[in-house]
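[1] From the sequence below, what's the structure:
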Amino acid sequence: MNPAAENWSGKNDQYLSAAMEWLRLKLMRSAATLSAEKLSSREITNADFAIRSASLQMTDFESTEPLPALAFVKRRFGLSDFEQQILLLCIAMELDTRIPALCAKAHDDPNKPYPTFALAMTLFDEPAWDVLSPQRPLRYWRLVEINKLMNQPLISCSLRADERMVNFIKGLNYLDERIIKISSPFDINTDEDDLPPSQQGSVADLVKQVQTLTADNRFPVVLQLVGQDPLSKQLIAQKIAAALNIHLVCLPFELLPTQSQDLEEFGRLWQRESLLLRVAGYIDAHKETFGRSNGVQANSFSLHRFLAISQGIFFISVREISH
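    Numbers count the residues shown, from 1 in each chain. This next block holds a predicted model:
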């Protein structure tokens with residue numbers, strides 16, 4: 001293992017341990033206030049001291065670079081302190097078997113061994129109602145899943161962390177399986193062949209173009225590869241991605257969602273992925289013709305909509321463009 005990666009992994013584990021200890025203490029402290037056997041003033045003081053100590057330990061880890069994964073997610077997706085704490089509560093359900101029972105006790109209801117927005121409102125400092133908004137990060141980026149039963153108030157619905165986010169915060173950063181399912185392998189890879197000198201110059205120019213656009217935050221970045229040879233286009237895209245140290249994923253055009261809601265969700269999923277990984281999409285539309293007929297107009301609209309939602313880096317492979 002790379003020493004730097006190994007050092008980060010150890011630091012991330014220590015941070016998570018401190019965060020889990022802080023959360024358990026918060027849950028136990030909350031549950032104790034609902035218990036018939038009230039805590040003594042000494043016990044309250046000791047509990048509060050332990051919570052502060054765990055919190056300070058977390059703060060120490062968050063003050064160094066590279067950030068622990070949970071702190072990185074907070075910064076990357078613009079979470080408030082309260083939203084970060086809710087995400088931690090949901091992730092803890094997957095990491096510690098003691099958390100469900102502590103949630104039930106903190107709810108004062110044995111039938112609620114799970115996180116809810118209502119529990120978070122009473123458990124954490126500085127709660128905010130806007131956390132319920134679909135435009136706030138937890139819901140917008142699908143960081144947590146909401147299990148909503150018929151006519152159930154949103155605040156009392158059970159919450160669960162998205163599996164991809166659980167793995168990321170544990171230190172496992174792999175492409176989301178929902179993207180893997182519609183991706184396909186390339187017909188050629190950079191180890192098999194090289195480009196002629198004329199195309200090598202074009203690759204260098206395109207690498208500079210992508211670097212300039214991304215540095216200026218001008219997304220989506222779309223490079224259109226036009227021509228009759230699909231293998232050459234794949235190789236060019238892979239050379240550019242390798243020069244940029246970006247993982248390239250092949251997305252066959254015909255497998256992209258076509259329904260509006262599905263397209264919206266997949267586009268947002270891809271955008272989330274591009275914030276977690278250095279990833280670019282190679283959309284293989286080599287067999288498609290984008291022109292003025294109704295069918296291809298619809299296909300063209302779906303593609304442009306996906307690119308607009310995703311706000312990432314894309315290579316589009318087409319044979320030709322009809323005008």
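
[2] what's the neighbour count on residue 114?
    Neighbours of residue 114 under the rule other CB atoms under 10 Å: 19. Any C-beta I mention is one placed from the backbone N, CA and C, and that applies to glycine too.

[3] is it true that residue 275 touches residue 76?
    Yes. In terms of CB atoms under 8 Å, residue 275 counts as a neighbour of residue 76; the distance is 5.3 Å.

[4] separation between residue 147 and residue 156?
    11 Å (CB to CB, to the nearest Å).

[5] Show the contacting residues for residue 105.
    Shown in contact with residue 105 (CB atoms under 8 Å, 6 or more residues apart in numbering): 27-28, 31, 34.

[6] 7 Å instead?
    Applying CB atoms under 7 Å, 6 or more residues apart in numbering to residue 105 gives the contacts residue 31.

[7] Assign a three-state SS to it, would you?
    For residue 105, the assignment made with DSSP: H, G, I helix; E, B strand; the rest coil gives helix.

[8] Between residue 147 and residue 156, tell me which one has more neighbours.
    Each of residue 147 and residue 156 has its neighbours counted (other CB under 10 Å); residue 156 has more, 14 against 11.

[9] Quick one, grab the pLDDT at the more buried one.
    Note on residue 156: pLDDT of 96.

[10] Pretty sure it sits against residue 116.
    Yes. With contact defined as CB atoms under 7 Å, residue 156 and residue 116 form a contacting pair (5.5 Å).

[11] Need the overlap of contacts for these two.
    Here residue 156 and residue 116 share no contacting residue, scored by CB under 7 Å, 6+ apart.

[12] Mind checking what helix or strand follows the longest helix along the chain in sequence?
    Counting by DSSP state H, the longest helix found in the chain is helix 3-34. Using DSSP states H and E, the next helix or strand after helix 3-34 towards the C-terminus is helix 41-62.

[13] residues in contact with residue 263?
    Here residue 263 is in contact with 257, 302, 305-306 (CB under 7 Å, 6+ apart).

[14] same thing but 10 Å
    Contact partners of residue 263, counting by CB atoms under 10 Å, 6 or more residues apart in numbering, are 256-257, 301-303, 305-306, 309-310.

[15] By neighbour count, which bits of the helix or strand containing it are buried? Give me those.
    Assessed by DSSP H and E, residue 263 sits inside helix 260-276. For helix 260-276, a neighbour-count test (16 or more other CB atoms under 10 Å) marks 263, 266-274, 276 as buried.
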